[in-house]
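Trainee: Fold the following.
(one chain, ligands or ions: 1)
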Amino acid sequence: ASTTEVDVSAIQPGQAIKAVFRKQPLFVRRLTADEIKSANEVEVSSLRDPQTLGDRTKEGHEDMLITMGVCTHLGCVPLGAAEGENRGEFGGYFCPCHGSHYDTAGRIRKGPAPLNLQVPEYQFTSDTVIRVG
Ligand code: FES
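Mentor: A predicted model of the protein is given here:
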């Protein structure tokens, strides 16, 4: 199986980049302190796909959110990983195909998608480089 390496050192808080992993879009986002706070304020048991931000990030790197850029409804590429794109009502990602809103942890909050954006297998190979897959 192929892996993808991403240097995350240039990604500023509030910024996201798109990469490619196994021919699918991958979103790599550095969360701001406010985005981390709002993700952690959510009552997890109220979520459709209950996960904490900590469940979806690596210890010591809770500001780096690595997800597939594939809506869990019917597979469109959500908006929000490029400058100025609509991030939806919960400030994360927004899928314009049928209106799914994901929060700053990439969790589904509104709309038809059944699951959170998938977090792929990955590791930090240094403080600034992740290897996905
Ligand atoms: Fe994203 Fe339907 S494919 S809302």
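Trainee: How about Asp7, nearest residue that isn't a chain neighbour?
Mentor: In this structure, Asp7 finds its nearest non-sequential neighbour in Val129, 5.4 Å apart by Cβ to Cβ, 6 or more residues apart in numbering. To be clear about C-beta, it is placed using only N, CA and C from the backbone, and glycine gets the same treatment.
Trainee: close enough to count as contact, that neighbour and Thr3?
Mentor: No - look at Val129 against Thr3 with Cβ atoms under 8 Å: they stay out of range, at 11.6 Å.
Trainee: Show the residue spans covered by the helices in this protein.
Mentor: Assigned by DSSP state H, the chain shows helices spanning 33-41.
Trainee: The ligand contacts on that one?
Mentor: Residues of the chain lying close to the ligand by Cβ under 6 Å from any ligand atom are 71, 73-76, 95, 97-100, 111-113.
Trainee: which residues sit against stretch 20-29?
Mentor: 1-2, 4, 6, 8, 11, 15-19, 64-70, 77, 80-81, 93, 106, 117, 120, 130, 132-133 (Cβ atoms under 8 Å, 6 or more residues apart in numbering).
Trainee: Report the distance from that stretch to the chain centre.
Mentor: 10 Å (Cα atoms, centre = their mean, to the nearest Å).
Trainee: Any idea how far apart the tips of that stretch sit?
Mentor: End-to-end distance of stretch 20-29 (Cα to Cα, to the nearest Å): 14 Å.
Trainee: again with stretch 53-73
Mentor: Stretch 53-73 has an end-to-end distance of 21 Å (criterion: Cα to Cα).
Trainee: buried set for that stretch?
Mentor: 53, 56-57, 62-73 (16 or more other Cβ atoms under 10 Å).
Trainee: tell me the mean pLDDT for that stretch?
Mentor: For stretch 53-73, mean pLDDT is 97.
Trainee: What of stretch 110-119?
Mentor: On average, stretch 110-119 scores 98.
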